[in-house]
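A.B. asks: my questions are about this predicted structure, shown below with the sequence.
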Amino acid sequence: MRPNTHTVLYDPHGYFGAELPLDRVPYERLITAVLSWTDPATLPPHDYEQIALQLTGHARAVATDVRHHTDLLDDKSGPRALAEIILAEAQRRLDASHKGTLACVQNRARLVRALYERLDRLQPAPGDRTA
């Protein structure tokens with residue numbers, strides 16, 4: 001019998017991963033692949049469930065980054081208001097249970113893409129030190 005080598009990390013406030021950059025490229029590739037599929041029989045339901053779990057977790061991580069950047073904006077700014085709307089919609093969609101279907105993973109992929117688009121608009125451009 002192998003000893004348990006897993007460590008459980010208690011991080012209720014999400015401080016542990018707060019400063020780590022997201023590994024965006026693999027998810028962008030996954031999103032591109034998922035959105036190109038047209039036949040629901042492309043994968044078995046179990047694979048769709050695993051992809052939905054991956055996209056859900058990543059969507060939550062991107063939403064956390066969007067929230068962090070949103071909190072730095074003026075309370076009455078247009079970009080903040082739009083980000084708040086997108087975050088509320090993301091939360092509503094993430095609260096819905098995922099299913100092992102092509103439609104579900106495509107919806108999760110679109111959500112991650114929308115969150116990344118909002119994050120890109122909230123982050124200062126490279127070399128822009130005034131923001």
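C.D. replies: That came through fine.

A.B. asks: from here on, contacts and neighbour counts on C-alpha atoms
C.D. replies: Noted.

A.B. asks: okay, and the residue positioned nearest the centre of the chain sits in which element?
C.D. replies: When CA atoms, centre = their mean is applied to the chain, the residue found nearest the centroid is residue 59 (1.5 Å). Using DSSP states H and E, residue 59 sits in helix 45-71.

A.B. asks: rewinding a little: which residues touch the residue nearest to the centre of the chain?
C.D. replies: Applying CA atoms under 8 Å, 6 or more residues apart in numbering to residue 59 gives the contacts 108, 111-112, 115.

A.B. asks: residue 44: which of these is nearest?
C.D. replies: residue 108 (17.3 Å; CA to CA).

A.B. asks: any idea how far that closest one lies from residue 48?
C.D. replies: Note on residue 108: its distance to residue 48, by CA to CA, to the nearest Å, is 11 Å.

A.B. asks: now the angle between helix 45-71 and the helix or strand containing residue 27, please.
C.D. replies: Element membership for residue 27, per DSSP H and E: helix 24-36. Orientation of helix 24-36 against helix 45-71 (axes from the mean of the first three to the mean of the last three CA atoms, to 10 degrees) gives an angle of 130 degrees.

A.B. asks: tell me the phi and psi of residue 37?
C.D. replies: Dihedral angles of residue 37 (phi, psi; degrees, to the nearest 10) stand at phi -70, psi 140.

A.B. asks: could you check how many residues crowd around it?
C.D. replies: Neighbourhood size, residue 37 [other CA atoms under 10 Å]: 14.

A.B. asks: that one and residue 82, how far apart?
C.D. replies: Distance of residue 37 to residue 82, computed by CA to CA: 30 Å.

A.B. asks: repeat that for residue 100.
C.D. replies: Distance, residue 100 to residue 82, by CA to CA: 31 Å.

A.B. asks: ok, these two, which is more surrounded?
C.D. replies: Neighbours per residue (other CA under 10 Å) separate residue 100 from residue 82, with residue 100 holding more: 18 against 13.

A.B. asks: what packs against the helix or strand containing residue 79?
C.D. replies: In this structure, residue 79 is located in helix 78-95 according to DSSP H and E. When contacts are defined as 3 or more CA pairs under 8 Å, 6 or more residues apart in numbering; DSSP states H and E, helix 78-95 packs onto helix 45-71, helix 102-122.
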